[in-house]
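Enquirer: Following is a predicted model, sequence given first.
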Amino acid sequence: MSINNLAIVENEKIFQEKNKFYCDNIDAKSIPEGINNFRKIYLIARKSKVKRVQQINLSQVKIGSNIFLFLNLILKTFSEKNINYLLISINPYTFLSALILLLFKKKVFIYLRSSGYEEYKAKYGLFGKLIYHTMYLLVTPWSNLIVCHERLTKKKDYHLVFPSQLGNKWFENLKQVSLDKVRLLYVGRMRVEKGIFDFLKMFNKLSMNAELSIVSDVKNLKNMNKKINLLGFGYDEKSLIEIYDSHNIMVLPSYTEGHPQVVLESLSRKRPVIVFDDIKHIIGTKKGIFISKRNIISLNETIEFIMKNYTKIQENMKENKLPTKEEFILQMNSILA
């Protein structure tokens, strides 16, 4: 069976500096780079005017500064023979791309990493949910759907994957944890749907001796608590592992998630994770994830329970069978064949 080339279409913004390309989202580079080991990859994304931190190691990267140039890049791939298309998530850019590709009877895969319904509702209310529902209904019936959780689709025919960026280093040289005080860690973007702004309000009301470190692209916060440390963004793997090791609890206050990488990272370093009711579906069979309600009383109780039972929790976490990056890429490549 011949191996098809693949055009990966993303909503991600990519910065170009001479012949080098950079992004912020690790998935935006790792999936194309990984599959590029098996087939020729063309990456199509949006153009960023802002410097990004993760260099993309691909020879074929095309970026459009507006929707018309973006769609034109899609049309230019039609001259390539034996090519399929992978669209990352459903949003206005990938939605219009899908309409064009389906119109020209191209083979389209759509990869859903999180719930677009919940993301659009968090951003734009019920009207946003309606917008996403319309886009979803118009393109998914004629596309091959790849999801990281069954709840992301109502289709009966889909491919289930287990995303991961974990290499061997994440499981090696585990460090002893310090429990002299509560050291919380948040790793992610500063977005409304991530719930981080509401979490900061709760953190400021914690009754215990605690500090919070934030690994993100934010440079400052209004009325920032002295116990909040802004660590910046763009760490290499070794440095990020060291950051996890220097904290004892990771928090993920998101309102919507599919298969969050940061949870896998924290669990691989045997650091418990606190999430909230909205995303309790991510737990599955994984040990070391605890659910809090979105109020200060529940958050206090959850943190206190983890700190008092830390040794036993870490022992239970040894049962986890976490997916690896290599397994994920092989799974994706098999589906896209």
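Expert: Noted; the coordinates are in hand.
Enquirer: tell me which helix or strand of this protein sits lowest on mean pLDDT?
Expert: The helix or strand with the lowest mean pLDDT-type score in the chain, counting by mean pLDDT, DSSP states H and E, is helix 116-124 (a mean of 82).
Enquirer: heading toward the C-terminus, what's the first helix or strand past it?
Expert: With elements assigned by DSSP states H and E, the helix or strand that comes after helix 116-124 is helix 126-139.
Enquirer: residues in contact with whichever helix or strand comes after that following helix?
Expert: Stepping forward along the backbone from helix 126-139, the first helix or strand reached (DSSP H and E) is strand 144-147. Applying C-beta atoms under 8 Å, 6 or more residues apart in numbering, the set of residues contacting strand 144-147 from outside is 107-112, 153, 155, 157-161, 258, 332, 335. Where C-beta positions appear, they are placed from N, C-alpha and C, glycine not excepted.
Enquirer: Then stretch 254-264?
Expert: The set of residues external to stretch 254-264 that reach it, using C-beta under 8 Å, 6+ apart, is 26-27, 112-115, 118-119, 122, 147-149, 152, 162-166, 187-188, 193-195, 250, 252, 273, 275-276, 278-279, 282, 286, 289, 322-323.
Enquirer: can you list the domains in the protein?
Expert: The record assigns the chain these domain ranges, following automatic domain parsing: 5-164+326-336, 168-317.
Enquirer: Redo the ones you listed as a markdown table? Include mean neighbour count.
Expert: Written out in a markdown table, the entries for the domains of the chain read as follows (neighbours: other C-beta atoms under 10 Å):
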| stretch | mean neighbour count |
| --- | --- |
| domain 5-164+326-336 | 18 |
| domain 168-317 | 17 |
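Enquirer: Can you pull out the low-pLDDT segments for this structure?
Expert: 1-3, 219-220, 223 (pLDDT under 70).
Enquirer: Tell me which entries of the contacts of stretch 254-264 lie within helices.
Expert: Under the assignment DSSP state H, the contacts of stretch 254-264 contribute 26-27, 118-119, 122 to helices.
Enquirer: Could you provide the residues you listed in CSV, with additional columns for distance to residue 268?
Expert: Putting these into CSV (distance: C-beta to C-beta, whole Å) gives the following:
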residue, distance to residue 268
26, 15
27, 17
118, 26
119, 26
122, 28
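Enquirer: ok, of those residues, which one's closest to residue 214?
Expert: For residue 214, the nearest member of these is residue 26. The distance, counting by C-beta to C-beta, is 17.2 Å.
Enquirer: Quick one: residues contacting the closest one.
Expert: Contacts for residue 26 were tallied using C-beta under 8 Å, 6+ apart; they are 54, 165, 261.
Enquirer: just residue 283 next, same as before
Expert: Under the contact definition (C-beta under 8 Å, 6+ apart), the residues listed for residue 283 are 275, 289, 291.
Enquirer: Looking at strand pairing, list the partners for the second one.
Expert: By that I understand residue 289. Listed by DSSP bridges, the beta-bridge partners for residue 289 are residue 273.
Enquirer: Which parts of the stretch 1-150 of the chain are strands?
Expert: Taking DSSP state E, counting those that start in this stretch as the criterion, the stretch 1-150 of the chain contains strands spanning 5-17, 20-23, 41-47, 54-56, 61-64, 83-88, 108-112, 144-147.
Enquirer: other SSEs contacting the shortest one?
Expert: In other words, strand 54-56. strand 20-23, helix 26-35 (3 or more C-beta pairs under 8 Å, 6 or more residues apart in numbering; DSSP states H and E).
Enquirer: Now tabulate those in a markdown table and tack on distance to residue 308.
Expert: As requested, those are exported to a markdown table (distance: least, C-beta to C-beta, whole Å):
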| stretch | distance to residue 308 |
| --- | --- |
| strand 20-23 | 41 |
| helix 26-35 | 34 |
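Enquirer: among the ones you listed, which is nearest residue 77?
Expert: Each of the helices and strands packed on strand 54-56 was checked against residue 77 via C-beta to C-beta, and the shortest separation belongs to helix 26-35, namely 14.2 Å.
Enquirer: what's residue 209 in contact with, if anything?
Expert: Taking C-beta under 8 Å, 6+ apart as the contact definition, residue 209 lies against 181-182.
Enquirer: Please enumerate the strands of the stretch 151-300 of the chain.
Expert: Along the stretch 151-300 of the chain, the segments classed as strands by DSSP E, counting those that start in this stretch run 159-160, 182-187, 210-215, 228-232, 249-252, 273-276, 289-292.
Enquirer: Which residues does the least confident helix or strand of the chain contact?
Expert: Under the contact criterion C-beta under 8 Å, 6+ apart, helix 116-124 has outside partners 89-91, 128-129, 131-133, 135-136, 192-193, 255-256, 278.
Enquirer: between the helix or strand hosting residue 307 and strand 182-187, how big is the angle?
Expert: In this structure, residue 307 is located in helix 296-308 according to DSSP H and E. Relative orientation of helix 296-308 and strand 182-187, computed by axes from the mean of the first three to the mean of the last three C-alpha atoms, to 10 degrees: 110 degrees.
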